[in-house]
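Visitor: coords below, sequence missing:
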């Protein structure tokens, strides 16, 4: 066996040992042992998708029907998992759990994460994350950082719009001028982060990254629809605007045209990636 193969096998064994040790400690020491175990198992070191039953256990813990203290504990546990790991698979799978929760759990989860970020350092700040265990891990780490930036922007867009553009009907057709000039730049910045999620190098062929990219790409459709509706609304109001607002509107319109072209290229890249070909998704 080559030195690289031996090293990778050792890393996998150490990762599995870390996960099993964390699970064992949770069984003894945690007041939320079932949740802690689900988080470890959903975000373990194995370089494959998490089992759906572990993700669903986490979603149950952050629903609107649960005590706020329980939800806060879950968010803190996910944040701790992100801040302590140097493994790309653990970081990526934790971000996927958070992303899916934003899509599939009620919107109180958005508010709880935003509140968590106000009281502590932002849990999605992955600017310094790196897994330097292999050349491939460098490429995976770069995509993890980009994905975290997208999720940060997703929350910021929710804060500005006061609703989740992916989960709710777009409301940008009927905004007044002040609202358009506030909300449209937030939507364009979110689309900018979506377009930045194009993987590079070894990340292109990584199945777990492809699963996360599918989520990102699917959200671009509603984001772009909301931008189109807002841009049409902006054009209708253009000749009624004050001079400084009209200057802002022209810049927004210019950026919308540029992003439309880039989005077409992004979709073509995604189409060529053959998402999920020949891989097993763990759903039990």
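Guide: Here it is on my side, so go on. Note that this is a predicted model, so its numbers are computed, not measured.
Visitor: Tell me the secondary structure at residue 199.
Guide: Here residue 199 is coil, with the state taken from DSSP: H, G, I helix; E, B strand; the rest coil.
Visitor: Quickly find the element holding the closest residue to it other than its chain neighbours.
Guide: Closest residue to residue 199 apart from its sequence neighbours, by C-beta to C-beta, 6 or more residues apart in numbering: residue 143 at 5.2 Å. No exception for glycine: its C-beta is placed from N, CA and C like everyone else's. Using DSSP states H and E, the element containing residue 143 is helix 135-161.
Visitor: what ranges of the stretch 51-200 of the chain fall below the confidence cut-off?
Guide: 121 (pLDDT under 70).
Visitor: and if we set it to 90?
Guide: 68, 115-123, 133, 169-170, 173-174 (pLDDT under 90).
Visitor: could you pull out the helices for it?
Guide: Secondary structure of the stretch 51-200 of the chain (DSSP state H, counting those that start in this stretch): helices at 52-61, 68-84, 88-104, 108-119, 135-161, 177-195.
Visitor: With distance to residue 34 added, can I get those helices in TSV?
Guide: TSV is the format used below for the helices of the stretch 51-200 of the chain (distance: least, C-beta to C-beta, whole Å):
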stretch	distance to residue 34
helix 52-61	7
helix 68-84	11
helix 88-104	16
helix 108-119	19
helix 135-161	26
helix 177-195	34
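Visitor: any idea which of the ones you listed is most buried?
Guide: Among the helices of the stretch 51-200 of the chain, ranked by average contacts under mean count of other C-beta atoms under 10 Å, first place goes to helix 88-104 (a mean of 22).
Visitor: Give me the domain ranges for the chain.
Guide: 1-125, 165-284 (automatic domain parsing).
Visitor: Kindly present the ones you listed as JSON lines, with separate columns for distance to residue 139.
Guide: Formatted as JSON lines, those follow (distance: least, C-beta to C-beta, whole Å):
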{"stretch": "domain 1-125", "distance to residue 139": "9"}
{"stretch": "domain 165-284", "distance to residue 139": "4"}
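Visitor: between those domains, which gets nearest to residue 152?
Guide: Residue 152 lies closest, by C-beta to C-beta, to one member of the domains of the chain: domain 1-125, at 4.7 Å.
Visitor: chain center to that closest one, what's the gap?
Guide: In terms of C-alpha atoms, centre = their mean, to the nearest Å, the centre of domain 1-125 is set 13 Å apart from its chain centre.
Visitor: likewise stretch 126-134?
Guide: Counting by C-alpha atoms, centre = their mean, stretch 126-134 comes out at 17 Å from the chain centroid.
Visitor: Make sure residue 220 is actually in contact with residue 190.
Guide: No. Residue 220 is not in contact with residue 190 according to C-beta atoms under 8 Å; the separation is 9.1 Å.
Visitor: Alright, calling it a day.
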